[in-house]
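Visitor: Mind looking at a prediction? Sequence and model below.
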Amino acid sequence: MGLLHSINDFNEAKQVIPGGVNSPVRAFKSVGGTPPFIIKGQNCYLFDVDDNRYIDFVQSWGPLIFGHCDPDIQTSVSIAIQNGLSFGAPTEMETTLAKEIISVYEGIEKIRLVNSGTEATMSAIRLARAYSGKDDIIKFDGCYHGHSDALLVSAGSGCATFGTPSSPGVPKDFSKHTFVAKYNDIESVKSCFQDGNIGCVIIEPIAGNMGLVPARIDFLKDLRHLCDEFGAVLIFDEVMSGFRASLKGVQGYCDIVPDMATFGKVIGGGMPLAAFGGKDEIMNLLSPLGGVYQAGTLSGNPIAVSAGLTSICKIKQNPQIYSYLEKLAQRLMEGFKNAAHTYGINLQTCVRGSMFGFFFNKTKVENFEDAQKSDTKMFAQFHAKMLEKGVYLACSQFETGFICTAMNEAVIDTAIKSAEKSFDEISKGI
């Protein structure tokens with residue numbers, strides 16, 4: 001499988017785009033090699049500029065639950081384009097999409113559409129701070145909520161501590177209001193509440209940015225109780241897991257109701273679209289009703305909304321797709337695990353609906369500290385071998401994979417056979 005044209009394209013891109021990519025993970029720095037430059041997607045496959053075909057387990061990092069070029073979504077976008085690309089004015093479709101999301105997610109009474117997950121989480125936190133009247137927030141080590149300053153923070157010397165900027169350009173004065181707790185560790189959260197004036201807690205209840213690591217239900221329940229006790233707003237970041245793990249996101253697995261939630265990816269059907277929502281009393285503080293300002297020229301863009309609305313409606317018409325997708329994901333992970341164990345390779349796997357993840361790790365992963373103990377060199381080898389065999393996996397040990405409805409058992413079994421061959425070659429040093 002040659003990548004000559006991709007190599008040339010990558011070198012050319014580096015001359016005009018930092019690192020040659022418009023989002024860092026795409027550069028393949030953690031796995032090595034050259035990222036294939038994609039020219040087309042169709043169903044569950046990607047095609048690159050060198051005419052290579054790949055089974056795509058990234059699916060644009062989650063949005064494409066129906067795969068590439070779904071005819072219904074393509075048609076809705078084509079019709080919307082005929083009426084104009086952007087209006088900067090209200091449309092009926094925005095209201096319809098808002099109602100569709102609200103109808104399935106308990107605790108969300110009003111919602112506002114934005115363009116990206118970063119916008120959604122940033123705006124939700126601002127609103128939560130205004131509602132609680134407190135400046136300090138808690139996030140969790142290993143959870144990613146976009147690249148706004150207050151959230152580009154990692155744990156300091158201990159997990160229950162003031163966060164430290166994890167990116168140059170983030171002032172310490174910003175990060176001092178962000179406390180970083182340990183995922184699935186309620187004692188670290190209690191320490192944060194004792195040390196700070198916490199007005200907001202934000203968490204990926206099904207974390208997808210340290211690899212796939214779901215929060216334990218007892219942990220989420222304790223988190224809900226702590227927020228109630230201290231008067232803090234609980235935000236579930238479901239940008240990745242919303243309409244992906246289940247029709248109701250994490251609420252498909254537990255009955256815990258947050259004060260606010262953020263959504264993205266699937267609700268845009270492959271177009272740039274995200275949202276944040278919550279209880280009336282919180283959302284009514286948002287301008288123009290209240291004093292909390294948030295705006296966006298392309299928010300509620302009619303093309304993105306048409307794609308997202310079609311995607312959500314298709315899901316609601318066929319909610320059984322989640323059990324189908326989960327069976328495929330389980331089949332894939334069982335196949336990977338069996339293949340790894342055949343060659344004495346430690347592999348931990350996890351599935352939530354159409355999401356899957358695996359770690360080259362001796363023990364179960366429950367937080368970022370556990371995830372960091374994974375064998376990233378083994379992952380890089382495995383990723384390269386699978387890419388050679390036409391299987392496109394997320395290019396980091398700390399990302400999540402996705403199944404789409406265009407896949408079937410035959411596609412999954414092809415990927416499993418590729419994994420078996422890859423582990424065989426790795427074990428032989430080929």
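Guide: Good, I have the coordinates. All figures in this text were calculated on a predicted structure; none of them were measured in a lab.
Visitor: Domain parsing of the protein, as residue ranges.
Guide: According to automatic domain parsing, the chain comprises the domains 4-69+320-428, 71-317.
Visitor: any idea which of the ones you listed is most buried?
Guide: domain 71-317 (a mean of 20; mean count of other CB atoms under 10 Å). In short, each C-beta sits where N, CA and C put it, glycine included.
Visitor: for Ser60, helix, strand, or coil?
Guide: helix (DSSP: H, G, I helix; E, B strand; the rest coil).
Visitor: Would you mind measuring from it to Gly41?
Guide: In this view, Ser60 and Gly41 are 8 Å apart by CB to CB, to the nearest Å.
Visitor: Please enumerate the strands of the stretch 151-300 of the chain.
Guide: Assigned by DSSP state E, counting those that start in this stretch, the stretch 151-300 of the chain shows strands spanning 153-154, 161-162, 164-165, 178-181, 198-203, 206-207, 213-214, 233-238, 260-263, 274-278.
Visitor: a markdown table for those, including distance to Leu64?
Guide: Converted to a markdown table, the strands of the stretch 151-300 of the chain look like this (distance: least, CB to CB, whole Å):
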| stretch | distance to Leu64 |
| --- | --- |
| strand 153-154 | 30 |
| strand 161-162 | 38 |
| strand 164-165 | 33 |
| strand 178-181 | 32 |
| strand 198-203 | 25 |
| strand 206-207 | 18 |
| strand 213-214 | 22 |
| strand 233-238 | 17 |
| strand 260-263 | 16 |
| strand 274-278 | 16 |
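Visitor: Point out where the chain drops to low pLDDT.
Guide: Where the chain drops to pLDDT under 70, the residues are 155-165.
Visitor: So what touches the longest helix anywhere in it?
Guide: Criterion DSSP state H: the longest helix present in the chain is helix 321-342. With CB atoms under 8 Å, 6 or more residues apart in numbering as the test, helix 321-342 has contacts from 65, 246-247, 252, 315, 346-347, 349-356, 358, 360, 403-405, 407-409, 412-413, 415-416, 419-420, 423.
Visitor: Please pull up the helix or strand immediately following it.
Guide: Downstream of helix 321-342, the next assigned helix or strand under DSSP states H and E is strand 348-352.
Visitor: Pairing partners for that following strand, with directions?
Guide: The pairing partners recorded for strand 348-352 under DSSP bridges are strand 355-359 (antiparallel).
Visitor: What lies in contact with the partner strand?
Guide: Against strand 355-359 from outside (CB under 8 Å, 6+ apart): 57, 62, 206, 208, 211-213, 240-241, 244-245, 329, 332-333, 336-337, 347-351, 365, 371, 374, 397, 399-403.
Visitor: That strand: how far from the chain's middle?
Guide: With CA atoms, centre = their mean, to the nearest Å as the basis, strand 355-359 stands 12 Å off its chain's centre.
Visitor: cool, stretch 3-19 as well?
Guide: So, by CA atoms, centre = their mean, the centroid of stretch 3-19 is 26 Å from its chain's centroid.
Visitor: For it, C-alpha coordinates in PDB please.
Guide: Only the C-alpha atoms of stretch 3-19 are listed here, as PDB (Å, rounded to 0.1, in the frame of the first residue of the first chain):
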ATOM      1  CA  LEU A   3       1.500   6.600   0.000                       C
ATOM      2  CA  LEU A   4       3.600   8.500  -2.500                       C
ATOM      3  CA  HIS A   5       1.000  11.200  -3.300                       C
ATOM      4  CA  SER A   6       0.100  11.600   0.400                       C
ATOM      5  CA  ILE A   7       3.700  12.100   1.300                       C
ATOM      6  CA  ASN A   8       4.000  14.800  -1.400                       C
ATOM      7  CA  ASP A   9       0.700  16.400  -0.200                       C
ATOM      8  CA  PHE A  10       1.900  16.300   3.400                       C
ATOM      9  CA  ASN A  11       5.200  18.000   2.600                       C
ATOM     10  CA  GLU A  12       3.400  20.700   0.600                       C
ATOM     11  CA  ALA A  13       0.800  21.200   3.400                       C
ATOM     12  CA  LYS A  14       3.600  21.800   5.900                       C
ATOM     13  CA  GLN A  15       4.700  24.800   4.000                       C
ATOM     14  CA  VAL A  16       1.500  26.700   4.500                       C
ATOM     15  CA  ILE A  17      -0.300  25.000   7.400                       C
ATOM     16  CA  PRO A  18       1.300  24.500  10.900                       C
ATOM     17  CA  GLY A  19       2.400  20.800  11.000                       C
END
